[in-house]
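Enquirer: dropping a prediction and its sequence here:
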Amino acid sequence: MKFAILTLFPEMLEPFLHGSILGRAIEQGVIEIELCNLRDWATDKHKSVDDTPYGGGPGMVLRVDVIDRALAELKSKVKGQRSKVILLTPQGQQFTQATAEQLVTDDRDLILIAGHYEGFDERVRSIVDRELSIGDYVLTGGELPAAVVVDAVARLLPGVLNPESLKDESFSTKSSITLEYPHYTRPDSYTPISQQLGELTVPDILKSGDHQKIAAWRLNEARKRTHKPL
Ligand code: ADE
């Protein structure tokens, strides 16, 4: 699957998207991520991508013509008509695990537009397929939201994670139990330094070696977490 992110700040995304698990997936050719600088589609010598708002008011507005030119070129490179254009905006539809699963099932390459500054010309909404928000808060730009979408989608693609890691994971909408069971590792007993909590221990059952009992305990804990009122 190929992801293209249209942004004014490709350098913000570069370390995150090329590090760790996503970096390995890129090296192995499972995913491709292209960071595209919107300024590359500006036509004047100042490389302007925005302008003052009609009707007055503060700030600058990203121009529809610049974004449209960028999309036309990216679409012709990214599997032609098989790409889907997503605008990241706080007004968009809430991005959830179900959305990530759906985007994987759709199997279309994604072009993600990260808006910035005051906003974008309203007509940009007419030239995208979908608007997504990563939550009910306003960030300074769409870069982090675009990275969130790429990360959540990419990790579901075959070959990105070890299949075991996805098997009974938190938030999978394919199961009625949506939260993971608690995990523990060494040390077996630990007393936190700065809190008066006393000794924190690992449940004995996890050290019992009885795999059936352990599986039953984990299932029960996951159920309790899933159904516990917030
Ligand atoms: N741009 C700014 N805030 C955002 C959010 N919460 N989701 C998506 N895009 C955004």
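Expert: Sure thing, it's come through.

Enquirer: in its sheet, what does the longest strand along the chain sit against?
Expert: The residue-count maximum for a strand in the chain (DSSP state E) belongs to strand 83-94. Strand 83-94 sits in its sheet next to strand 109-114 (parallel), strand 130-133 (parallel), going by DSSP bridges.

Enquirer: which parts of that strand are buried?
Expert: 83-90, 92 (16 or more other Cβ atoms under 10 Å). Using the backbone N, CA and C atoms, a C-beta is placed for each residue, glycine as well.

Enquirer: return the residues in contact with the nearest residue to residue 202 once chain neighbours are set aside.
Expert: For residue 202, ignoring the flanking residues on the chain, the nearest one in space by Cβ to Cβ, 6 or more residues apart in numbering is residue 184 at 4.4 Å. Contact analysis of residue 184 by Cβ atoms under 8 Å, 6 or more residues apart in numbering lists 202-203, 206.

Enquirer: rewinding a little: what about the longest strand of the chain, distance to the chain center?
Expert: Relative to the mean C-alpha coordinate of its chain, strand 83-94 is positioned 12 Å out (Cα atoms, centre = their mean, to the nearest Å).

Enquirer: just to be sure, residue 34 is in a helix?
Expert: No. Read with DSSP: H, G, I helix; E, B strand; the rest coil, residue 34 is strand and lies in no helix.

Enquirer: confidence score at it?
Expert: Residue 34 carries a pLDDT value of 96.

Enquirer: most residues in a single helix of the protein, which one?
Expert: helix 211-227 (DSSP state H).

Enquirer: that helix - contacts with which helices or strands?
Expert: For helix 211-227, there is no helix or strand it packs on, judged by 3 or more Cβ pairs under 8 Å, 6 or more residues apart in numbering; DSSP states H and E.

Enquirer: and it, how far from the chain's centre?
Expert: Centroid separation for helix 211-227 versus its chain: 28 Å, with Cα atoms, centre = their mean.

Enquirer: on that earlier part again, distance to the ligand and pLDDT for the buried residues of strand 83-94 - can I get that in CSV?
Expert: Compiled in CSV, the buried residues of strand 83-94 are given as follows (distance: Cβ to the nearest ligand atom, whole Å; pLDDT from 0 to 100):
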residue, distance to the ligand, pLDDT
83, 19, 93
84, 16, 96
85, 14, 97
86, 10, 98
87, 8, 97
88, 4, 97
89, 5, 95
90, 4, 94
92, 6, 95
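
Enquirer: return the member of the residues you listed nearest to residue 9.
Expert: residue 88 (13.0 Å; Cβ to Cβ).

Enquirer: distance of the closest one from residue 132?
Expert: Noted for residue 88: a distance of 6 Å to residue 132, by Cβ to Cβ, to the nearest Å.

Enquirer: joint contacts of the two?
Expert: Any residue near both residue 88 and residue 132 by Cβ under 8 Å, 6+ apart counts here, and that gives 145, 149.

Enquirer: for the ligand, what are the nearby residues on this protein?
Expert: 88-90, 92, 133-135, 137-139, 142, 145 (Cβ under 6 Å from any ligand atom).

Enquirer: let's go with 5 Å and repeat that
Expert: For the chain, the residues in contact with the ligand (Cβ under 5 Å from any ligand atom) are 88-90, 133-134, 138-139, 142, 145.
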